[in-house]
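Student: Pasted the sequence and its predicted model underneath.
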Protein chains: 2
Amino acid sequence: MISVVILGSGNVATHLYKAFSKAENMAVNQWFSRHLKVIDFYKNEVEVIDDLALLKPADVYIIAISDDAISKLSSQLPFENRLVVHTSGSVGLHDLDKKNHRGVFYPLQTFSKDAEVNFTKVPFCIETLKKEDYNTLKLLAESIGSICYKVNSEQRSSLHLAAVFVNNFTNQLYRIAHEIVESSGTEFELLKPLILETANKIQTLSPYMAQTGPARRNDKKTIKKHLKQLEHSSHKIIYELLTASIQHTHGRKKL
Amino acid sequence: MISVVILGSGNVATHLYKAFSKAENMAVNQWFSRHLKVIDFYKNEVEVIDDLALLKPADVYIIAISDDAISKLSSQLPFENRLVVHTSGSVGLHDLDKKNHRGVFYPLQTFSKDAEVNFTKVPFCIETLKKEDYNTLKLLAESIGSICYKVNSEQRSSLHLAAVFVNNFTNQLYRIAHEIVESSGTEFELLKPLILETANKIQTLSPYMAQTGPARRNDKKTIKKHLKQLEHSSHKIIYELLTASIQHTHGRKKL
């Protein structure tokens, strides 16, 4: 049995609480948040607190709060020599106060407030200073069906950056596509199967091998036509830049 | 029973042949290609030809060849008043020779050479001048389990452009992410669940609602850190541009 305390009340904290509270061989001893109201709903199933002085012993303390606040909260913890981890992609392991054993337990996934999270699809990037702490966090991930990877701070930082490209920036391309089709009175709906297949393809093919389209085959006529068709100058610039990027990747253009 | 002749031997032609040859109430009468060798493999199941003079009657002639060659081939067809369609996203209906009934039968999906295509996930954009031709093409799409949409040339052209954003450009973002994580000795593998979830999310949420991340919440500290971290200037420019695009969409910045 592993016991945890969750600190924070955002998306990650809430999804972790829900997953851990259902997992076998796991106990959520307490749930801390400065905003007690937000987690008050759960008070019948778990002890909810907003005072650090009330924290009880546990095997792992999981700090799932905004990046800027992690370091300070870790130094305010009223105990020493326990395992304290954060869940951030971009905060270093050493930003946690060294009075405790430190670790990172970073779920590499996007969480929506309302949608249920399937943790079997969430890889955890784990970093610790001590091997026994790694093993504890591995058990934690496995208890909710997740796969875990040993990832150091530098690697985690580049995964976090790469995640911005494949998640936030990709989503913005969806948004631009939405604007383009709506302005011609067509439905974004028609693009959804293509969006899914583009993501599916990459599960077995490298992005290099999966690339197709006018930029890849250097189809200047279509590229010119598309640029003429784009109404917003910002969309034109993004089109030109990503076209050049594809051509550079596939050996047609120096950047 | 609808009879078709397929003209062309690329990915789209081949996948359409395979689907139609298996479909009920469908007959592929002939398969034409200038490059007979490419389709020679199928000669025991269908009549393969490389001479337009050998073309026999059929309900629909499907021209699935490169955009530039469609118009010419359509005028070389040795018959009149039959239904001739192309499968291109960017070629107009009127680029087909008017001696025949004209139509467009555009599958809005990405096709890989080797991977089997599930046509239930392929929306067809259909355009015709006559209603009975539309109905014929609708039956054609439905025979292989596809959904079809009535889409005019202008709308199809904007769907084709939008498809470049959600398919080719998105795939290039995957590629850049691949480069970023590899340079820190991490595996692209870890990003695959996030890539899938990003595409999945959009099936029920609008891209506007689905947006998260440093640009969305105007987290200048993380943006600055990411820009410092990026090694290639071209990646930096793409990061800056898409960040500005997100901020513009969400009302933080004028472009």
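Tutor: Sure thing, it's come through. Remember, predicted model here, so these are calculated numbers, not experimental data. Numbering: from 1, shown residues only, chains lettered A, B, ... in the order given.
Student: what does the stretch 1-150 of chain A have sitting close to chain B?
Tutor: Taking C-beta under 8 Å from any C-beta of the partner chain as the contact definition, the stretch 1-150 of chain A meets chain B at A:67-68, A:90, A:108-110, A:112, A:115, A:121-123, A:125, A:149. No exception for glycine: its C-beta is placed from N, CA and C like everyone else's.
Student: repeat that for 10 Å
Tutor: Counting by C-beta under 10 Å from any C-beta of the partner chain, the stretch 1-150 of chain A comes close to chain B at A:11, A:66-68, A:89-90, A:107-112, A:114-115, A:117-118, A:120-125, A:146-147, A:149.
Student: in the stretch 151-255 of chain A, which spans are helices?
Tutor: Secondary structure of the stretch 151-255 of chain A (DSSP state H, counting those that start in this stretch): helices at A:153-163, A:170-183, A:192-201, A:207-210, A:220-229, A:233-249.
Student: Can you flag which of the residues of the stretch 1-150 of chain A next to chain B belong to helices?
Tutor: Per DSSP state H, helices hold the following members of the residues of the stretch 1-150 of chain A next to chain B: A:11, A:67-68.
Student: Would you reformat these as JSON lines and include neighbour count and pLDDT?
Tutor: JSON lines is the format used below for those (neighbours: other C-beta atoms under 10 Å in any protein chain shown; pLDDT from 0 to 100):
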{"residue": "A:11", "neighbour count": "17", "pLDDT": "91"}
{"residue": "A:67", "neighbour count": "17", "pLDDT": "91"}
{"residue": "A:68", "neighbour count": "12", "pLDDT": "91"}
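Student: Residue A:104 in helix, strand or coil?
Tutor: Recorded secondary structure, residue A:104: strand (DSSP: H, G, I helix; E, B strand; the rest coil).
Student: rewinding a little: pull out the buried members of the residues of the stretch 1-150 of chain A next to chain B.
Tutor: Among those, those scoring as buried are A:11, A:67, A:89-90, A:107-112, A:117, A:121-125, A:146-147, A:149 (criterion: 16 or more other C-beta atoms under 10 Å in any protein chain shown).
Student: Now, these that are in strands?
Tutor: Filtering those for membership in strands, criterion DSSP state E, returns A:107, A:124-125, A:149.
Student: quick one: which of those residues is nearest residue B:199?
Tutor: Closest approach to residue B:199 among those (C-beta to C-beta): residue A:107, at 18.3 Å.
Student: Identify the residues contacting the closest residue to the closest one other than its chain neighbours.
Tutor: Leaving aside its sequence neighbours, residue A:107 sits nearest to residue A:122 (C-beta to C-beta, 6 or more residues apart in numbering or on different chains; 4.9 Å). Listed by C-beta atoms under 10 Å, 6 or more residues apart in numbering or on different chains, the contact partners of residue A:122 are A:15-16, A:19, A:107-111, A:141, A:144-148, B:193-194, B:197.
Student: again, but for residue A:9
Tutor: Contact partners of residue A:9, counting by C-beta under 10 Å, 6+ apart, are A:17, A:31-40, A:42, A:48, A:50, A:64-65.
Student: Among the ones in strands among the buried ones among the residues of the stretch 1-150 of chain A next to chain B, find me the one that's closest to residue B:72.
Tutor: For those, the nearest to residue B:72 is residue A:149 (54.0 Å; C-beta to C-beta).
Student: Can you name the residues bridging to the closest one?
Tutor: Note on residue A:149: beta-bridge partners residue A:125, judged by DSSP bridges.
Student: State the pLDDT value of it.
Tutor: On pLDDT, residue A:149 comes in at 96.
Student: For it, list the residues it contacts.
Tutor: A:106, A:108, A:123-127, A:138, A:141, A:155-156, A:159, B:186-187, B:189-190.
Student: Quick one: distance of stretch A:118-125 to the chain centre.
Tutor: How far stretch A:118-125 lies from its chain's middle: 10 Å, per C-alpha atoms, centre = their mean, to the nearest Å.
Student: Next, the distance between the ends of that stretch.
Tutor: For stretch A:118-125, the separation between the terminal residues is 16 Å (C-alpha to C-alpha, to the nearest Å).
Student: what pLDDT, on average, does stretch A:217-234 get?
Tutor: Per-residue scores along stretch A:217-234 average to 94.
Student: how distant is it from the center of its chain?
Tutor: Distance of stretch A:217-234 from its chain centroid, counting by C-alpha atoms, centre = their mean, is 33 Å.
Student: now do stretch A:209-227
Tutor: 32 Å.
Student: try stretch A:2-18
Tutor: 15 Å.
Student: what's the neighbour count on residue A:201?
Tutor: The number of residues packed near residue A:201 is 21, by other C-beta atoms under 10 Å in any protein chain shown.
Student: How many residues are close by the residue nearest to it when sequence neighbours are not counted?
Tutor: Using C-beta to C-beta, 6+ apart and skipping residues adjacent in sequence, the residue nearest residue A:201 is residue A:210, 4.9 Å away. Counted with other C-beta under 10 Å, the neighbours of residue A:210 add up to 21.
Student: can you pull the pLDDT of residue A:210?
Tutor: At residue A:210, pLDDT is 94.
Student: Also residue A:251?
Tutor: At residue A:251, pLDDT is 89.
Student: hmm, back to that, from residue A:140, how far off is the residue nearest to residue A:107?
Tutor: As judged by C-beta to C-beta, to the nearest Å, residue A:122 and residue A:140 stand 12 Å apart.
Student: Likewise for residue A:81?
Tutor: According to C-beta to C-beta, residue A:81 stands 19 Å off from residue A:140.
Student: neighbour-wise, which of those two wins?
Tutor: residue A:140 (26 against 8).
Student: dump the residue contacts of the more buried one.
Tutor: Contact analysis of residue A:140 by C-beta under 10 Å, 6+ apart lists A:2, A:4, A:16, A:20, A:23, A:26, A:59-60, A:62, A:83, A:85, A:103, A:105, A:124, A:126, A:146, A:148.
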